[in-house]
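Visitor: got a predicted structure plus its sequence, pasted below:
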Amino acid sequence: MSSAPRAVTAASERPCAVVVCRGCCCGDPAKHPGADHRGQLERLRAAAAEGGFEVRTSDCLGPCDQANVVVVRPSAEGRRAGGRPTWIGFALDEACTDEVAEWAGAGGPGMAGPPLALELQMIRAPRGARARTGR
């Protein structure tokens, strides 16, 4: 029996991903008029281009009373190290956006600890969250 090298699949090398809710309440200028929703996505995408993580948008992720919601999903390596998707609520200002980008750029869950201020914004994932975030 030969021992051929295992093929590397795209899933086994998946990078950290930031999923930004843009459903019914998140990203809604009428609900959060002081937040720069478009700017948040632009900042995250610019950081992702340099930091090696992905940014995705999603329809409503669920906890609308904690809008804007962002989920930081671990990379494949981070998941193997024990990282799990981390939900962040009230992600409305530039400081939070920068902290999310910094954490994802450092590897995210399982690879790097989150900034301390970001820990205060972590929320519980709603039931069925796995289906909505793609994992």
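Guide: That came through, no problem.

Visitor: per-residue pLDDT, residue 126?
Guide: Among the per-residue scores, residue 126 holds a pLDDT of 88.

Visitor: let me fix that: residue 42
Guide: In this model, residue 42 is scored at 96, pLDDT.

Visitor: count of neighbours near it?
Guide: Residue 42 sits with 13 neighbouring residues when counted by other C-beta atoms under 10 Å. The C-beta positions use only the backbone N, C-alpha and C, and glycine is treated the same way.

Visitor: CA atoms only: put the strand or helix carrying it into PDB for me.
Guide: For residue 42, the enclosing helix or strand under DSSP states H and E is helix 37-51. Taking C-alpha atoms only, helix 37-51 is exported to PDB below (Å, rounded to 0.1, in the frame of the first residue of the first chain):
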ATOM      1  CA  HIS A  37     -22.100  51.500   6.900                       C
ATOM      2  CA  ARG A  38     -20.600  51.800   3.500                       C
ATOM      3  CA  GLY A  39     -17.300  52.900   5.000                       C
ATOM      4  CA  GLN A  40     -17.300  49.900   7.300                       C
ATOM      5  CA  LEU A  41     -17.300  47.500   4.400                       C
ATOM      6  CA  GLU A  42     -14.700  49.600   2.500                       C
ATOM      7  CA  ARG A  43     -12.300  49.600   5.500                       C
ATOM      8  CA  LEU A  44     -12.700  45.900   6.100                       C
ATOM      9  CA  ARG A  45     -12.200  45.100   2.400                       C
ATOM     10  CA  ALA A  46      -9.100  47.300   2.300                       C
ATOM     11  CA  ALA A  47      -7.700  45.600   5.400                       C
ATOM     12  CA  ALA A  48      -8.500  42.100   4.000                       C
ATOM     13  CA  ALA A  49      -6.600  42.900   0.800                       C
ATOM     14  CA  GLU A  50      -3.500  43.500   2.900                       C
ATOM     15  CA  GLY A  51      -4.200  41.100   5.800                       C
END
